[in-house]
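A.B. asks: model this:
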Amino acid sequence: NSRGASSLLKDTVPFTDFSASGPFEGYDLLRRGFTSVKNELMPSHPLELSEKNFQLNQDKTNFDTLRNIQGIHAPLKLQMEFRAVKQVQRLPFLHSSNIALDTLRGNAECIGFEDILNDPSQSEVMGEPHMMMEYKLGLL
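C.D. replies: Sure, this is the predicted structure:
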């Protein structure tokens, strides 16, 4: 066959999705959670983006300082530990405190905004546990 694999992909018939689309599309509340207008708005103040990325900017500054003081191995080891700690999560329907990540960053003894006003019982993520787990595993 001289046509190759790329031409085979062009000859296939596209599979039509059976989900509703258009202006009357149904919103799947169990899979996607509640809609939030806040996510669709533009930042109202120039410092808002800086505040959203504060932890990322602080980590980058700390890594640069650590690299200048101790060499390349120190920030690489710390980044590896951060990735390992971020992979350990609770089930998707349970709130995770991320205490190990806070300990690595040195924030375990600090009381912040999210420690007081981040009550998991008021979370918008709560849904049916079986449905959320199947969605995370890609079964739905």
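A.B. asks: the closest residue to K86 other than its chain neighbours: which element?
C.D. replies: Once flanking residues are discounted, K86 sits nearest to L101: 6.5 Å by Cβ to Cβ, 6 or more residues apart in numbering. In short, each C-beta sits where N, CA and C put it, glycine included. Using DSSP states H and E, L101 sits within helix 99-105.
A.B. asks: picking up where we left off before, surely the residue nearest to K86 touches R83?
C.D. replies: No: applying Cβ atoms under 8 Å, one finds L101 not in contact with R83, separated by 10.4 Å.
A.B. asks: ok, residues contacting the longest helix anywhere in the chain?
C.D. replies: Counting residues, the longest helix found in the chain (DSSP state H) is helix 54-70. Outside helix 54-70, the residues that touch it by Cβ atoms under 8 Å, 6 or more residues apart in numbering are 50, 74-75, 78-79, 82, 105.
A.B. asks: try 7 Å
C.D. replies: 74-75, 78 (Cβ atoms under 7 Å, 6 or more residues apart in numbering).
A.B. asks: coming back round to it: look at L101 and R83 and report which has more neighbours.
C.D. replies: In terms of neighbours (other Cβ atoms under 10 Å), L101 is the more surrounded of L101 and R83; the figures are 16 against 9.
A.B. asks: wait, what's in contact with that one?
C.D. replies: 82, 85-86.
A.B. asks: rerun at 10 Å
C.D. replies: 81-82, 85-86, 88, 107-108 (Cβ atoms under 10 Å, 6 or more residues apart in numbering).
A.B. asks: list the buried residues in the helix holding L101.
C.D. replies: The neighbour-count check on helix 99-105 (16 or more other Cβ atoms under 10 Å) flags 101-102, 104-105 as buried.
A.B. asks: okay if I get the residues you listed as TSV plus distance to Y135 and pLDDT?
C.D. replies: Below are the buried residues of helix 99-105 laid out as TSV (distance: Cβ to Cβ, whole Å; pLDDT from 0 to 100):
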residue	distance to Y135	pLDDT
L101	24	88
D102	27	87
L104	29	89
R105	30	87
